[in-house]
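Undergrad: Predicted coordinates and the sequence they were generated for:
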Amino acid sequence: MASGALALQVMLVVCFLLFSNSVMAEPAVEMGSRGVSNFIATIEKERKAHVAFLGGSITQNATGHTKMVPDWLTKTYPDVEFTFTNAGLSSTCSTTGAFRFDRDILSKGPVDLLIVEFAVNDDQDAMHDRTTAIRGLEGIVQQYFQTNPKGDIISVQFVNPGILEKIQKEEKPLSVDAHKTVARHYDIPIVDVGQALADEIAAGKMTWAEDYKGTHPNKIGYQFASDLITSVIAKTVSGETPQELAIPEPIDPLSYSRPSAIDPQAMSWLGGWKFETVSKELLPLGAIRGDFTKYKALRSDGAGDMLYHTFIGSMYGAFILAGPDAGILEVAIDGGEWKKVDLFHKHSGGLNYPRSVIFADGLSSTYHQAAIRVSAEKNPKSKGNTATILFIESNE
């Protein structure tokens, strides 16, 4: 009896050690406490609804989930008048998403369901730390519920090879985990495409190469993700009427929930800055996506050119185009030390790459003075010392 009890104790200890050194697989779909019950109640009561998609290039693809989910909705609810908005913008992260949310989503009218994805771009493009990934997505969620507390959100995490590898090793990918933390805090449904795909691969039902293909999924991969998203809607128990939600206190009070996208003409400048329409004349090196040719940009190609700006906010940065000749900016806040911000990106080699750069964060939410100068230094891979600013980002 004693030896049997000892054996049992040893087995329990071994099991505890194995468990404590592994990460339990999380469910691929989390409904939250209510799914998207307000959305269901809205379409049943009003017989019309506005569904918006926000994300990077995975969302911008007009043949992906931004088509498949609407196709399912219109087929499932044939007597409902739907409006769909695709606010995907290639290469952009959740920080950019927070600062363009008003322009690209809220300006389109009240949104009953927001489907948002930025985990892949926060990982591979912006390479955000956990704090910034939370501040970006939470800023979007806060802005949405402040304007429509009777709306619903589905937080979707798509997958790239690096994220999939971490999941298969039972590790938590940083951006995915950060975005799930935000979703759980606000009790909104989660669709983790990477976890679902890893589960199917482990079961021998799918492969990356044949059934998903790449960071930008093939048709099978997009349908797989779309089916996960629509499953949240299909499984939701309808509420009689949309209920106003109590918005919890933010995870991070410095999340980008009070953003301002500021015209760079608000700045004072010295030197050879130009404010002109985005074109090959203004940006002679690198491709320019059509998304940006309708805008003007403030551009310098001369080391020592200066910008001055008075702003209010805890965060200060810029949305830029970083081409093959992107340089380095030196930034000083309130007369402090100069901080170097390298604008060149790993994808800048042949493209004027759109990206948000953060000059300062964690400031007091008061007035500040910014001084910005084009550095004489540059990234070894860059062909110049340029800076091309589409707008300034400031979060109060």
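TA: Sure thing, it's come through. Numbers count the residues shown, from 1 in each chain.

Undergrad: what bridges to the nearest residue to Val116 once chain neighbours are set aside?
TA: Nearest in space to Val116, with sequence neighbours left out and distances taken as CB to CB, 6 or more residues apart in numbering, is Leu54 at 4.6 Å. Every residue, glycine included, has its C-beta placed from N, CA and C. Per DSSP bridges, the residues bridged to Leu54 are Ala87, Val116.

Undergrad: cool, Tyr353 as well?
TA: Residues in beta-bridge contact with Tyr353 (DSSP bridges): Ala322.

Undergrad: The one 5 residues further on too?
TA: Residues in a beta bridge with Ile358, per DSSP bridges, are Gly317.

Undergrad: so it touches Gly317, yeah?
TA: Yes. Applying CB atoms under 8 Å as the test, Ile358 and Gly317 come out as touching, 4.2 Å apart.

Undergrad: These two: who's more crowded?
TA: For Ile358 versus Gly317, neighbours defined as other CB atoms under 10 Å are more numerous around Gly317 (22 against 18).

Undergrad: per-residue pLDDT, the closest residue to Ala202 other than its chain neighbours?
TA: Spatial nearest neighbour of Ala202, excluding adjacent residues (CB to CB, 6+ apart): Gln168 at 7.7 Å. Gln168 is assigned a pLDDT of 97 by the prediction.

Undergrad: list the contacts for the residue nearest to Val116?
TA: Ala87, Gly88, Gly97, Phe101, Asp104, Ile105, Leu114, Ile115, Val116, Glu117, Phe118, Ile140 (CB atoms under 8 Å, 6 or more residues apart in numbering).

Undergrad: do you know how far it is from Ala360?
TA: Going from Leu54 to Ala360 by CB to CB, to the nearest Å gives 26 Å.

Undergrad: who's in contact with Gly109?
TA: Each residue near Gly109 by CB under 8 Å, 6+ apart is listed here: His50, Thr83.

Undergrad: Please enumerate the strands of the stretch 1-150 of the chain.
TA: Secondary structure of the stretch 1-150 of the chain (DSSP state E, counting those that start in this stretch): strands at 29-30, 48-55, 81-88, 113-117.

Undergrad: Same check on the stretch 251-396 of the chain?
TA: Counting by DSSP E, counting those that start in this stretch, the strands of the stretch 251-396 of the chain are 259-262, 268-270, 274-277, 296-300, 306-312, 315-322, 328-333, 339-342, 353-360, 367-374, 387-395.

Undergrad: So in that sheet, which strands flank the longest one, and in what orientation?
TA: When pairing is defined by DSSP bridges, strand 387-395 lines up against strand 259-262 (antiparallel), strand 296-300 (antiparallel), strand 315-322 (antiparallel).

Undergrad: Mean neighbour count, those: which tops it?
TA: The highest mean neighbour count among the strands paired with strand 387-395, using mean count of other CB atoms under 10 Å, belongs to strand 315-322: a mean of 25.

Undergrad: where does that strand sit relative to the chain's centre, distance-wise?
TA: Using CA atoms, centre = their mean, to the nearest Å, the mean C-alpha position of strand 315-322 is found 15 Å from that of the whole chain.

Undergrad: so Pro324 makes contact with Ser348?
TA: Yes. Counting by CB under 8 Å, Ser348 is a contact partner of Pro324 at 5.9 Å.

Undergrad: For those two, list the residues in contact with both.
TA: Gly286, Ser382.

Undergrad: What is the burial count for the closest residue to Ser226 other than its chain neighbours?
TA: The shortest distance from Ser226 to any non-neighbouring residue, by CB to CB, 6+ apart, is to Met68 (3.7 Å). When counting by other CB under 10 Å, one arrives at 19 neighbours for Met68.

Undergrad: and what of Thr388?
TA: Residues near Thr388, counting by other CB under 10 Å, number 26.

Undergrad: Also Gln369?
TA: Gln369 has 13 nearby residues by other CB under 10 Å.

Undergrad: quick one: contacts for it?
TA: Tyr308, His309, Thr310, Ile333, Asp334, Gly335.

Undergrad: now the residues you listed: which count as buried?
TA: Those of the contacts of Gln369 that meet the buried threshold are His309, Ile333, by 16 or more other CB atoms under 10 Å.

Undergrad: Distance to Ala370 and pLDDT added to the contacts of Gln369, as TSV?
TA: Output for those, formatted as TSV (distance: CB to CB, whole Å; pLDDT from 0 to 100):
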residue	distance to Ala370	pLDDT
Tyr308	7	98
His309	5	98
Thr310	8	97
Ile333	6	98
Asp334	8	97
Gly335	10	96
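
Undergrad: Please tabulate the contacts of Gln369 in JSON lines and include distance to Gly35 as additional columns.
TA: Compiled in JSON lines, the contacts of Gln369 are given as follows (distance: CB to CB, whole Å):
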{"residue": "Tyr308", "distance to Gly35": "50"}
{"residue": "His309", "distance to Gly35": "44"}
{"residue": "Thr310", "distance to Gly35": "46"}
{"residue": "Ile333", "distance to Gly35": "44"}
{"residue": "Asp334", "distance to Gly35": "47"}
{"residue": "Gly335", "distance to Gly35": "51"}
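
Undergrad: Kindly indicate which of the contacts of Gln369 lies nearest Ala387.
TA: His309 (13.6 Å; CB to CB).

Undergrad: shared neighbours, Ile358 and Gly317?
TA: Joint contacts of Ile358 and Gly317 (CB under 8 Å, 6+ apart) are Thr95.

Undergrad: Share the number of residues neighbouring Gly323, please.
TA: 26.

Undergrad: That one and Ala360: what is the separation?
TA: Counting by CB to CB, the gap from Gly323 to Ala360 is 24 Å.

Undergrad: for Glu393, same thing?
TA: With distances taken as CB to CB, Glu393 is found 11 Å from Ala360.

Undergrad: what residues are shared contacts of those two?
TA: In contact with both Glu393 and Ala360: Met315, Tyr316, Gly317, using CB under 8 Å, 6+ apart.

Undergrad: quick one: the last one from Gln369, how far?
TA: Put plainly, it is Gly317. Taken as CB to CB, the span from Gly317 to Gln369 is 16 Å.

Undergrad: May I see the contacts of Leu54 organised as TSV, with neighbour count, distance to Leu174 and pLDDT added?
TA: Below are those laid out as TSV (neighbours: other CB atoms under 10 Å; distance: CB to CB, whole Å; pLDDT from 0 to 100):
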residue	neighbour count	distance to Leu174	pLDDT
Ala87	22	24	98
Gly88	22	22	98
Gly97	31	17	98
Phe101	27	22	98
Asp104	18	26	97
Ile105	23	25	97
Leu114	27	23	98
Ile115	24	22	98
Val116	27	18	98
Glu117	28	16	98
Phe118	32	13	98
Ile140	28	18	98
